[in-house]
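K.L.:
Fold the following and give me the result.
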Amino acid sequence: VQLVESGGGSVQAGGSLRLSCVASGSTTSDYCMGWFRQVPGKGREGVAVITNGGLPAYADSVKGRFTITRDSSKNSMSLQMNMLNPEDSGVYYCAAGDRFQLRPGLFKFWGRGTQVTVS
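P.N.:
Numbers count the residues shown, from 1 in each chain. The predicted structure follows:
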């Protein structure tokens with residue numbers, strides 16, 4: 001499975017961004033998918049995950065602001081990010097794996113990431 005993220009960029013605090021992830025090479029319909037982020041000097045942290053049936057889970061820091069969705073027919077996933085703040089800055093990665101948890105070590109397949117900067 002190859003994953004490619006898009007939609008990152010720079011935005012002012014309070015603004016919104018929508019990240020997308022498209023999979024190729026194999027279907028992701030059997031996998032949980034998730035978004036993770038990383039800032040320099042820190043480990044990768046879970047932001048949101050979603051089951052193959054569409055059930056989401058979020059990190060406490062983004063609940064009520066971020067929405068994760070997926071479209072299995074298009075082998076894709078999105079993350080709508082609203083009310084962004086500078087602490088949301090980082091490289092955002094799309095991932096696919098077998099476990100419905102916000103733990104990056106449990107995910108098998110990773111994209112290369114897209115930068116989000118909130119100022």
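
K.L.:
Going by C-alpha atoms from here, please, whenever you check contacts or count neighbours.
P.N.:
Fine.

K.L.:
name the element the residue nearest the centre of the chain belongs to?
P.N.:
Against the mean C-alpha coordinate of the chain, by CA atoms, centre = their mean, the closest residue is W35 at 2.0 Å. Using DSSP states H and E, the secondary-structure element containing W35 is strand 32-38.

K.L.:
that older thread, what's near enough to touch the residue nearest to the residue nearest to the centre of the chain when sequence neighbours are not counted?
P.N.:
In this structure, W35 finds its nearest non-sequential neighbour in C94, 4.8 Å apart by CA to CA, 6 or more residues apart in numbering. Neighbouring residues of C94 by CA atoms under 8 Å, 6 or more residues apart in numbering: 3-5, 21, 33-36, 110-113.

K.L.:
Could you tell me which residues within stretch 15-29 count as buried?
P.N.:
Neighbour counts using 16 or more other CA atoms under 10 Å place 16-23, 28-29 of stretch 15-29 among the buried residues.

K.L.:
thinking in terms of the whole chain, how far from its middle is that stretch?
P.N.:
For stretch 15-29, the separation from the chain centroid amounts to 8 Å (computed by CA atoms, centre = their mean, to the nearest Å).

K.L.:
circling back to that earlier point, any idea how far the residue nearest to the centre of the chain is from V11?
P.N.:
Here the criterion is CA to CA, to the nearest Å. By it, W35 lies 19 Å from V11.

K.L.:
same check, this time on V49
P.N.:
23 Å.

K.L.:
Of the two, give the one with the bigger neighbour count.
P.N.:
Neighbours of V49 and V11, each counted by other CA atoms under 10 Å, are more numerous for V49; the result is 30 against 17.

K.L.:
So which residues make contact with whichever strand or helix holds that one?
P.N.:
For V49, the host element (DSSP H and E) is strand 45-50. With CA under 8 Å, 6+ apart as the contact definition, strand 45-50 has outside contacts at 32-38, 56-59, 62, 68-70, 100-104.
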